[in-house]
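Visitor: Show me how the following folds:
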Amino acid sequence: MVTAVDVVVVGAGLSGLVTARRLQQKGLRVRVLEARERVGGRMFSQSLQNGGVVDLGGQWGGASHHRFAALLGELALDTYPSHYDGDGVLHWQGRARQAPLAPGFGESLLFFEPQQLDLPAAELAATLELQRAFAQLVAQVDPRQPWRTADAKRLDRLSVAQWAAERSNHKLARLPLAWLCRVGGSGGFEPWEASILHLAWSQAVAPQAESPEAWLVRGGAGQVPPLLVEALQAGDPDCVQLGQAVVALRQSEGCVTVVTAGGPEYQARAAVVAVPPQLRLAIHLDPPLPAAHRALLQRSPMGAMTKVLAVYARPFWREQGLNGLGIGDRPALELTADSSPPEGQPAVLASFLAGERALRLGALPAQERQQRILDDLVAYWGPEASKPLELIEQPWNAEPWSGGAFTSFVTPGTWTSHARLAAGDQGGPGPAAHGRVHWAGTEMSPRWPGYFEGAIEAGERAAAAVQQL
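Guide: So this is what the prediction gives:
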């Protein structure tokens, strides 16, 4: 049996659901096909034993995330500011250094007041000098067409690690760039896995300087997808279909046939694929993708990330005048952040195993891995951190329909070759539409890729493009 609709959306993450919502609001008949037995993709919550809620995936909104804030307003969801009152902790070479946060990221050393960290003067000076050089590079990057950046080919063939090593032999100086690679929004790759052009582009389009972790959603960001589904199904009870993995998209004149693994087929005027780049490779397209687009997907791995949530009886760090922001060179956790609401319940520290650490530690027995996590929590926040009420791990690379967390990255040399060719007449930064098949997902956004804001913008752009067919 073949179901005829106007548009099929592949993937019921935030971007796919926003696409469907915008199209349905324009009077189009839409089907959203989701391979999982749940919606939300990487926007997903879990209830705690004490009745609270934590986000296993993305959780933050930023100061300039206007689309996300507007969507929450439409859904009548409240927000609260991230807790940054008090000192944070930089853990460097075996020592925890408490320091206040700097007024702005550009003047900081990974958010901290540099002169308050009691670091060797020569190392600190080298670190700040390398940060200034990187900031100058970010300012030169063409965010829409990074391959047009001055000296782009050389920068795209130079890894982050190589670029940093050319400028400083101080380990501390290289820490901020490595941190941006693994946990700074770009997400989950090592400094030798991507080019300095890619890292600079990631900060040009999703800058830490604009406070992307400024606030959280009361009750969890994971509330958003079910509410969007509820609105979609109010207009059409059959709009969202779970457990339907799309395996093929066949285009003929004026039509796309969408084939699922379970057998149902759909015919539509257009399809929007709203899944991470790597997952597109599992879908057979007829006609096939252009060679450059397929090569781009093969060079766009997902970042490696396990999110860790430690739940406590109370936010004891606040009682000590600390804000929960921990950054450093610990063997497991390079970032912790207070994810508790102002009233302190549930009391949660969010943290991450990122990049190679996520894969290496993920292969350990659970008890050994959790002990290493607890050891690092204690190193940042003291003995009380050793006994959480719950310690929750979400290994996103083990999720077959996500493949990783935050977003994808591209390997060295990709921006100035395959990505440039795949963009075609569209101009970039993502690949052009393939006939009547369009692309969404946070990775496709020209602004804030890897964030909810990017997912929403990509969905809105895809919906607008489909309406032009």
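Visitor: CA atoms for contacts and neighbours, from now on please.
Guide: OK.
Visitor: Could you grab the helix/strand/coil label for the residue most central in space within the chain?
Guide: Geometric centre of the chain, nearest residue: Phe406, 2.1 Å, by CA atoms, centre = their mean. Following DSSP: H, G, I helix; E, B strand; the rest coil, we place Phe406 in the strand state.
Visitor: Let me know the pLDDT of it.
Guide: For Phe406, the pLDDT comes out at 88.
Visitor: how near is the closest residue to it other than its chain neighbours to Gly441?
Guide: Closest residue in space to Phe406, ignoring its immediate chain neighbours: Gly450 at 4.8 Å, by CA to CA, 6 or more residues apart in numbering. With distances taken as CA to CA, to the nearest Å, Gly450 is found 9 Å from Gly441.
Visitor: Likewise for Leu77?
Guide: 22 Å.
Visitor: More neighbours: Gly450 and Gly441, which one.
Guide: With neighbours defined as other CA atoms under 10 Å, Gly450 and Gly441 compare such that Gly441 has more, 31 against 24.
Visitor: Could you measure from the more buried one over to Thr260?
Guide: 20 Å.
Visitor: go on, Thr442?
Guide: Distance of Thr442 to Thr260, computed by CA to CA: 23 Å.
Visitor: Ok, Arg357 next?
Guide: The gap separating Arg357 from Thr260 is 36 Å, by CA to CA.
Visitor: ditto for Leu56
Guide: From Leu56 across to Thr260, the span is 28 Å (CA to CA).
Visitor: out of the two, which sits in the more crowded spot?
Guide: Leu56 (24 against 20).
Visitor: State the pLDDT value of the more buried one.
Guide: Leu56 carries a pLDDT score of 98 in this model.
Visitor: Dump the C-alpha coordinates for the helix or strand harbouring Glu230 into PDB.
Guide: In this structure, Glu230 sits in helix 224-235 according to DSSP states H and E. C-alpha atoms of helix 224-235 as PDB (Å, rounded to 0.1, in the frame of the first residue of the first chain):
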ATOM      1  CA  VAL A 224       9.700  19.900  23.300                       C
ATOM      2  CA  PRO A 225       9.500  17.000  20.800                       C
ATOM      3  CA  PRO A 226       6.400  15.400  22.400                       C
ATOM      4  CA  LEU A 227       4.600  18.700  22.500                       C
ATOM      5  CA  LEU A 228       5.400  19.300  18.800                       C
ATOM      6  CA  VAL A 229       4.100  15.800  18.000                       C
ATOM      7  CA  GLU A 230       0.900  16.600  19.900                       C
ATOM      8  CA  ALA A 231       0.400  19.700  17.800                       C
ATOM      9  CA  LEU A 232       1.100  17.800  14.600                       C
ATOM     10  CA  GLN A 233      -1.300  15.000  15.400                       C
ATOM     11  CA  ALA A 234      -4.000  17.500  16.300                       C
ATOM     12  CA  GLY A 235      -4.000  18.400  12.700                       C
END
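Visitor: which secondary structure elements does the helix or strand of the chain with the lowest mean pLDDT contact?
Guide: Every helix and strand of the chain was ranked by mean pLDDT, DSSP states H and E. The lowest is strand 405-408, at a mean of 90. On a contact count with 3 or more CA pairs under 8 Å, 6 or more residues apart in numbering; DSSP states H and E, strand 405-408 meets strand 302-303.
Visitor: Could you give the separation of stretch 394-401 from the chain centroid?
Guide: Its chain's C-alpha centre and that of stretch 394-401 lie 13 Å apart, by CA atoms, centre = their mean, to the nearest Å.
Visitor: swap that for stretch 174-181, sorry
Guide: With CA atoms, centre = their mean, you get 17 Å for stretch 174-181.
Visitor: and if you look at stretch 59-66?
Guide: Between the centre of stretch 59-66 and the centre of its host chain there is 12 Å, according to CA atoms, centre = their mean.
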